[in-house]
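1. whatever this is, show me its structure:
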Amino acid sequence: MLTVNAILNGFYISFALLAIWGIAQAWLSQSRTETIHPFKAFVHLLAFYLSYLLIPLFFFSIFAGWFGYFSIHQSIFVFLLSGLLIYARFIEPHSIKINHVKYKLSAGQPFAQPVRVALIADLHIGLFSGHERQLRMIVDKINQQKPDFVVVAGDWTYEPENKLAEELAVLKDIQAPVYSVNGNHDEQYPGPPIQELLKHALDVNNVMDIEGKIVEFDDFRLTGVGDLWAGKADMRYMPDLPQDKPWLILSHNPDTVDMVPKLPTHPLMLSGHTHGGQVELPWLTDYVMKKVSILGHKRGLYQHEHANVFVSVGTGMVGVPFRFRAPPMIDMIELS
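-> Numbers count the residues shown, from 1 in each chain. The predicted model follows:
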């Protein structure tokens with residue numbers, strides 16, 4: 001029969017083994033990462049793997065409270081805190097939601113038939129997210145929605161491993177054209193110089209980079225604009241382009257909307273970048289978001305003088321391996 005001391009020693013051993021495993025995994029993963037800051041990558045990965053300690057800690061809080069190792073208040077506090085962190089680390093980041101939006105892009109006659117656009121952003125393949133299981137879930141959910149095309153609003157990476165093309169191979173299963181632009185993490189703002197690695201990965205997996213290009217549709221035109229923080233968001237040329245159709249603009253940073261020139265039609269920009277706050281906490285998240293978006297963008301639709309912008313919550317994570325009250329999202333936008 002197990003004694004209380006035997007159970008206690010079992011918890012201590014599980015903590016020690018998980019800690020050793022976490023340190024080893026963080027070191028091995030860092031060694032395969034395309035990064036210019038190995039120690040920073042190691043610290044981030046350490047947080048990612050050591051978070052598995054939360055699971056035995058959750059059960060230990062019950063044991064310690066029951067047998068008097070913790071006071072009842074300490075036990076409840078550790079129980080609730082570890083449970084909350086387990087949810088934010090292991091449950092919400094994998095709970096991909098579908099957000100349905102209808103938007104009238106045409107100022108005149110409506111489209112012959114609505115166009116269904118799947119918007120995803122901020123996959124951040126690398127340290128915390130965007131691994132095969134999550135990518136497969138995203139692809140399956142997109143296919144279930146049967147979009148006419150898919151747009152990816154940048155930040156594909158977060159210090160990825162050098163096998164990026166293999167990790168993105170699942171994108172070939174998307175049953176619609178996929179258009180993309182880069183984000184700040186893809187452009188070394190911040191991040192390693194992985195532009196060539198990413199370009200190759202997208203090319204071999206049938207993803208079309210449309211930065212500076214125009215895609216013609218029957219009722220509108222789609223164009224891609226480079227990342228604002230990388231200094232590639234120049235749109236002064238747009239008034240010189242044909243204006244007989246409305247514009248759909250794909251650009252990573254929603255603050256780029258402030259640079260859209262006055263046009264005969266009122267374009268819609270599709271963006272990401274903000275993660276919807278990623279970890280939604282009172283006051284603190286709003287303070288951090290002021291540095292992420294000067295214009296106060298967070299999630300959803302915003303109206304501006306020369307264009308409107310729709311901001312996706314995205315699917316990945318940066319900084320910390322948690323999502324809380326900002327679950328990963330695929331936005332299905334029906335244009336008419």
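2. all helices in this protein, in order from the N-terminus.
-> 4-31, 38-50, 54-66, 72-86, 132-145, 164-167, 195-204, 284-292 (DSSP state H).
3. how far away is the residue nearest to residue 314 when sequence neighbours are not counted from residue 26?
-> Excluding the flanking residues, the one nearest residue 314 by C-beta to C-beta, 6 or more residues apart in numbering is residue 122, at 3.1 Å. No exception for glycine: its C-beta is placed from N, CA and C like everyone else's. From residue 122 over to residue 26 the distance is 23 Å, taken as C-beta to C-beta, to the nearest Å.
4. so those two - more neighbours on which side?
-> With neighbours defined as other C-beta atoms under 10 Å, residue 122 and residue 26 compare such that residue 122 has more, 31 against 21.
5. for that one, what are phi and psi?
-> Main-chain dihedrals, residue 122, degrees, to the nearest 10: phi 50, psi 50.
6. need the contact list for it.
-> Going by C-beta atoms under 8 Å, 6 or more residues apart in numbering, residue 122 touches 153, 154, 155, 183, 272, 273, 275, 312, 314, 315, 316, 318.
7. present these as CSV; the columns should include neighbour count and distance to residue 114.
-> Below are these laid out as CSV (neighbours: other C-beta atoms under 10 Å; distance: C-beta to C-beta, whole Å):
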residue, neighbour count, distance to residue 114
153, 30, 21
154, 29, 25
155, 30, 28
183, 31, 28
272, 32, 23
273, 27, 27
275, 29, 28
312, 28, 19
314, 32, 24
315, 28, 24
316, 27, 29
318, 21, 34
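8. from those residues, which is closest to residue 127?
-> Using C-beta to C-beta, residue 318 is the member of the contacts of residue 122 that lies nearest residue 127, at 8.0 Å.
9. helices and strands of the chain: which one has the lowest mean pLDDT?
-> Within the chain, judged by mean pLDDT, DSSP states H and E, the helix or strand with the poorest mean is helix 284-292; its value is a mean of 89.
10. got the contact list for that helix?
-> The contact list for helix 284-292, computed with C-beta under 8 Å, 6+ apart, reads 273, 274, 277, 279, 296, 298.
11. out of the residues you listed, list just those in strands.
-> Taking DSSP state E, every one of the contacts of helix 284-292 sits outside strands.
12. now for those: which two are most distant?
-> 279 and 296 (18.0 Å).
13. with neighbour numbers in mind, choose between the two.
-> More neighbours surround residue 279 than the other of residue 279 and residue 296, with 19 against 13 (other C-beta under 10 Å).
14. list the residues that contact the closest residue to that one other than its chain neighbours.
-> Distances taken as C-beta to C-beta, 6+ apart place residue 324 nearest to residue 279, at 4.7 Å, with adjacent residues excluded. When contacts are counted by C-beta under 8 Å, 6+ apart, residue 324 touches 84, 87, 88, 92, 278, 279, 280, 281.
15. now for the fifth one, how many residues are close by?
-> So that's residue 278. 26.
16. so it sits against residue 323, correct?
-> Yes: under the criterion of C-beta atoms under 8 Å, residue 278 makes contact with residue 323 at 5.7 Å.
17. who touches both of the two?
-> residue 317.
18. check contacts around the closest residue to residue 72 other than its chain neighbours.
-> Take residue 72 and drop its neighbours on the chain: the residue closest to it by C-beta to C-beta, 6+ apart is residue 65, 6.0 Å away. Residues near residue 65 by C-beta under 8 Å, 6+ apart: 71, 72, 74, 75, 76, 79.
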